[in-house]
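Q: Quick one: sequence plus predicted model below, questions after.
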Amino acid sequence: MDKKRRDFLKIAGVSTLAGLGGTAVVDKLISGSSPAGARAAHEVEPGHGTEHAAAGAGHDAHENSARSGTRLGMVIDLRKFRANPSLGEKVVKACHSTHNVPSFPDKKDEIKWTWMTGYENAFTEHSQYHKDRATMDHEVLVMCNHCDSPPCVRACPTRATFKNKEGIVAMDYHRCIGCRFCMAACPYGMRSFNWRDPRGGLDMSAINKRFPTRMRGVVEKCNFCAERVGLGKQPACVKACGSSKALIFGNLNDPNSEIRKVLKANYTIQRKPSLGTHPSVFYIV
Ligand code: SF4
Ligand code: SF4
Ligand code: SF4
C-alpha cells in the first residue's frame, strides 16, 4: 500500500468501516434504495426486473426510454460464439493484453476482466429443465455488466469505483484502499483483487504502455474500454470479433444506434435480472 493510500486510510478511518461487518453492509447495499442519481437513471430504464422484461417487453420499453445522455452497453451474441469456438479465447486475450491483466498460475491469485464460463454459472436464474445440446456444450462470455444501479459503487467507501457520465462503472486505482467491499457487493463476481504485485504476472517487455499497470492491494475489472471509447475506438473485445458481430457495443439511449436495433430485433436476457442491478450487458442465447 503506498503512502497516499495509507494517509487516506488514516483520514477516512476506513479500518473502522471495515469492522462494521461486510455481509450486513453488502445485503443492505444490494437490496437497499439507490442513490438519487441512480434512481433517476432507472426511471427511464426499461423494465428489467424480470427475465421477460429484459426480453420482449424490455425492448418496447427501450423504444420509450430515449433520453439525453449516454448509457453504453454491450450485446453478446452467443450464437456467434457457438459457431466459432475459438472466438472466446481470442476475445479474452485481446482484453487482457490491452489492459495488462497479469497471469498467475495459482487460481487464488487469478486476475480476470472477462472469461468464458458455463451457462448455468452465467445464468443462475435461467435454468432449464432439459437443456438443449448447444447450451450444454458451449460457454458464455462474462464481463462486468456496468450495471445501471451498481451495488459495487454504493459499497465503495472511497469512490474508487464510480459510474461515469457514459454509464461505465470505472475504477480509480489510486483511490482504492483494497477493502474489497465492492467485491462482496458485486453479485456477479466480476472483480479481482491483486493479492500479489500484478507486474510479477506480466512480461514487462511486452506490456501495453498506453495502459497503466496496477499495484498490489487494489481491485480491478473490465472498464468497458473507457480509454479506447474516449478516443472514438471500439472496445478491444469488439475489435477482436472482426466483422462477426458477436459483440455489439454502443449507446443504449440512442434509438438509432446499432445496439438498439439489435435489441429490438432479438430476444435477449441479462444476468440475474431479479436483483434490480439493471445490467448494461445483454445476451442473445
Ligand atoms: S457487474 Fe458487478 S462490478 Fe460490474 S457494475 Fe455490476 S455490480 Fe459492479
Ligand atoms: S476495494 Fe473496492 S470498495 Fe474498497 S476502495 Fe477499492 S474499489 Fe472501493
Ligand atoms: S469492454 Fe474492454 S475491458 Fe471490457 S471485456 Fe471488452 S475488452 Fe475487456
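A: Great, that's in hand. Ligands and ions are numbered 1, 2, ... in the order given.
Q: CA atoms for contacts and neighbours, from now on please.
A: Noted.
Q: any idea how far residue 261 is from the residue positioned nearest the centre of the chain?
A: The residue lying closest to the centre of the chain (Cα atoms, centre = their mean) is residue 144, at 1.1 Å. For residue 144, the distance to residue 261 equals 22 Å [Cα to Cα, to the nearest Å].
Q: where does the stretch 1-150 of the chain have low pLDDT?
A: Applying pLDDT under 70 to the stretch 1-150 of the chain flags the ranges 1-68, 127-130, 134.
Q: residue boundaries of the helices in it?
A: 3-12, 14-18, 22-31, 36-43, 51-52, 58-64, 78-83, 87-98, 119-122, 133-137 (DSSP state H, counting those that start in this stretch).
Q: Leaving out the residues flanking it, which one is nearest to residue 285?
A: residue 78 (5.3 Å; Cα to Cα, 6 or more residues apart in numbering).
Q: and the one you found, how many neighbours?
A: The local packing of residue 78 (other Cα atoms under 10 Å) involves 20 other residues.
Q: Number the residues from 41 up from this point.
A: I'll keep to 41 as the first residue from here, and by that count the last item is residue 118.
Q: quick one, what contacts it?
A: Contacts of residue 118 were listed using Cα atoms under 8 Å, 6 or more residues apart in numbering, and they are 180, 181, 286, 323, 324, 325.
Q: Is the residue nearest to the centre of the chain in contact with residue 230, as I believe?
A: Yes. Residue 184 lies in contact with residue 230 (Cα atoms under 8 Å); the separation is 5.4 Å.
Q: quick one: common contacting residues for these two?
A: The contact lists of residue 184 and residue 230 share 153, 261, where a contact means Cα under 8 Å, 6+ apart.
Q: Next to ligand 1, which bits of the stretch 91-240 of the chain? Give me the list.
A: For the stretch 91-240 of the chain, the contact set with ligand 1 under Cα under 6 Å from any ligand atom comprises 184, 185, 186, 187, 190, 191, 192, 209, 226, 228, 230, 231.
Q: Closest one of the residues you listed to ligand 2?
A: Closest to ligand 2 out of those is residue 192 (6.8 Å), distances taken as Cα to the nearest ligand atom.
Q: Leaving out the residues flanking it, which one is nearest to that closest one?
A: residue 222 (4.3 Å).
Q: Would you mind identifying the next helix or strand past the helix or strand that contains that neighbour?
A: Per DSSP states H and E: residue 222 is located in helix 221-225. Next in sequence after helix 221-225, counting helices and strands by DSSP H and E, comes strand 232-233.
Q: Next SSE downstream of that following strand?
A: Counting by DSSP H and E, what follows strand 232-233 is strand 259-260.
Q: Do me a favour and average the pLDDT over that next one.
A: Averaging pLDDT along strand 259-260 yields 98.
Q: how much space is there between the closest residue to residue 149 other than its chain neighbours and residue 142?
A: Closest residue to residue 149 apart from its sequence neighbours, by Cα to Cα, 6+ apart: residue 235 at 6.1 Å. Distance from residue 235 to residue 142, counting by Cα to Cα: 12 Å.
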